[in-house]
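K.L.:
Sequence and predicted model, in that order:
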Number of protein chains: 2
Amino acid sequence: MKLALAGIGKIALDQHLPALEASADWDLAATVSRHGRIEGVEAFPRIEAMLEARPEIGAVSLCLPPVPRFEAAQAVLRAGRHLMLEKPPGATLAEVHVLRDLAQAHGVTIFATWHSRMALAVAAAKRWLADRTVQEGRITWREDLRKWHPGQDWILDAGGMGVFDPGINALSILTEILPARVHLKAAELDIPANRQAPIAARLALSHNIAADFDFRQQGPQTWDMEFQTDAGPLALRMGGNVLEIDGRPAGGEASIMGEYPALYARMADLVRRGASDLDLSPMVLVADAFLLGRRTLVEPFDF
Amino acid sequence: MKLALAGIGKIALDQHLPALEASADWDLAATVSRHGRIEGVEAFPRIEAMLEARPEIGAVSLCLPPVPRFEAAQAVLRAGRHLMLEKPPGATLAEVHVLRDLAQAHGVTIFATWHSRMALAVAAAKRWLADRTVQEGRITWREDLRKWHPGQDWILDAGGMGVFDPGINALSILTEILPARVHLKAAELDIPANRQAPIAARLALSHNIAADFDFRQQGPQTWDMEFQTDAGPLALRMGGNVLEIDGRPAGGEASIMGEYPALYARMADLVRRGASDLDLSPMVLVADAFLLGRRTLVEPFDF
């Protein structure tokens, strides 16, 4: 099946392109980007032009930042093409509801991806937790903003989500592996005095789960989730890629497919079945943290 | 049908009690409140005690503030009783999703009320707009916090929603009368330097609709919505109670039932039909404004 990739930046080149090249389902037939291009693939500067010129391309994958993504997503759906969205699927919840309605009206697939849900050990953790009771949990997601997003001021601006840009990955895993629905009970947000979005956040979630997100980490980075259950402890480390049960490695059930190859395989399956996958629960938790959170101004942050 | 009212404060006494007294559908059979009570009605200090002692009471209406409301709402649903919620239906979106799941699991009605949708002219405005195109709109919701919520610090604290406490009424009307789904494009939030929640907000919504919410109004209060359509102007004034079309009063189609009597009539209808009504779209727009909004600190506010 032919697919176009829109937004040729770092994530497209590092993740989407290798996944598409290795895919038996997808043929990368065009790109859309103001500046970026991929050798040997027809490049369009604007999505409308691509949609008009290449009617045989049935699906479009968007790797644009949340704010320009919405206009492009609407154009794709209105042109009757299947749509795959990088996380988060929009700048607001209501605009994703608009996209859901549009996809339904046009009878096409919409897939809001959460790449961390495809990390190697997530499915195994989900199976193990399915018939156990989580008594408490601790999520630690600490990374260095300067290392991962150098100079990207937008991430700390209004609408940029700040530390929830990585933190939503943890929430996407949490909402996937817990058998019950999670909700937010309280949140503390640390906002640099010269910025709009939180650079750190501490969440109190249901099921006695605490989350500690920090974008100011230096030295070792941490993407860990630890749970106490009625059947002993489970930990997911390295962003969902390493599973420990009872303190011992438990890798036997791990998936062997990488995150983005798994996303494209799922997209192909959804298109073939005429289905959609638009789970907003990670983004709802972020919006709830902004709604309920207590803000503290902290020292200014500069790249 | 027997109903219990929980949270006997100003809104319960001013609005719910008269509506229940005038209702042919409902018999107020018990109250739940730490301090308040109503003469001639059995009073309980805790909801669990009421649910256990009065199994014949099939429905509970909650007028508690958003934060304690969630525990009470869960208790009601788990006891298999129908649930009616004052606006907003929760402190977070995710907790309302939990309530929706619980109501479904227990086979009972859940009704998230938006009283302003029952204002006298809202249904007529909705009918008029149904086959017209809104070209632009302006919402002006300006009231005096000191007059309507004297000394209520919680409303400007984290989770209190600030000026969105009244503003969500405007958004509940907007999402009811517009035939298309509305989404937020940008927001400016004014936060008093000594508070957590916005005291004023300006929203840019889809369909060229601008909203101006301000809690610092003195003198005349304003709750107006004005739209330009392909068939001329429509205005809803006085919080949805007065309709103007083409600049002239158009009251002929107005409802004759007050807001709270209409809510209780709808609740009775939902229970009889075994249906629920849990439209979160006004609250989604508020969460989106907190998520996307640009915050400016403004002068401190004291009651």
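P.N.:
Arrived safely, thanks for sending.

K.L.:
mind showing which ranges of chain A have poor pLDDT?
P.N.:
Low-confidence segments of chain A (pLDDT under 70): A:251-255.

K.L.:
mind listing the helices for it?
P.N.:
Remark: helices assigned in chain A by DSSP state H are A:10-11, A:17-21, A:47-53, A:66-78, A:93-106, A:122-129, A:145-148, A:164-177, A:259-273, A:281-292.

K.L.:
Looking at these, spot the one closest to B:P68.
P.N.:
Judged by C-beta to C-beta, the one of those that comes nearest to B:P68 is helix A:281-292, at 14.2 Å. Where C-beta positions appear, they are placed from N, C-alpha and C, glycine not excepted.

K.L.:
next one: that closest one to chain centre, how far?
P.N.:
14 Å (C-alpha atoms, centre = their mean, to the nearest Å).

K.L.:
Do any residues in it lie close to chain B?
P.N.:
Yes. Figure legend: helix A:281-292 in contact with chain B (C-beta under 8 Å from any C-beta of the partner chain); contacting residues A:281, A:284-288, A:290-292.

K.L.:
ok so, going back, could you dump the helices of chain A into CSV with mean neighbour count added?
P.N.:
Compiled in CSV, the helices of chain A are given as follows (neighbours: other C-beta atoms under 10 Å in any protein chain shown):
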stretch, mean neighbour count
helix A:10-11, 12
helix A:17-21, 17
helix A:47-53, 17
helix A:66-78, 20
helix A:93-106, 19
helix A:122-129, 19
helix A:145-148, 15
helix A:164-177, 24
helix A:259-273, 19
helix A:281-292, 26
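
K.L.:
Which positions in chain A make contact with chain B?
P.N.:
A:91-95, A:97-98, A:101, A:158-159, A:161, A:181-184, A:196, A:206, A:281, A:284-288, A:290-295.

K.L.:
So A:E56 sits against A:L3, correct?
P.N.:
No. Here A:E56 lies out of contact with A:L3, judged by C-beta atoms under 8 Å, at a distance of 11.0 Å.

K.L.:
tell me, what's touching those two both at once?
P.N.:
Overlap of the contact sets of A:E56 and A:L3 (by C-beta atoms under 8 Å, 6 or more residues apart in numbering or on different chains) consists of A:A29.

K.L.:
Among those two, which residue is more densely surrounded?
P.N.:
More crowded of A:E56 and A:L3, by other C-beta atoms under 10 Å in any protein chain shown: A:L3, with 25 against 7.

K.L.:
Distance check, that one against chain B.
P.N.:
A:L3 sits 27 Å away from chain B when distances are taken as C-beta to the nearest C-beta, to the nearest Å.

K.L.:
so what's that residue bridging to?
P.N.:
With DSSP bridges as the criterion, the beta-bridge partners of A:L3 are A:L28, A:A59.

K.L.:
Neighbours of the closest residue to A:V242 other than its chain neighbours, how many?
P.N.:
Spatial nearest neighbour of A:V242, chain neighbours left out: A:A121 (5.9 Å); criterion: C-beta to C-beta, 6 or more residues apart in numbering or on different chains. Residues lying near A:A121 (other C-beta under 10 Å) number 26.

K.L.:
For A:A121, give its distance to A:Y264.
P.N.:
For A:A121, the distance to A:Y264 (C-beta to C-beta, to the nearest Å) stands at 20 Å.
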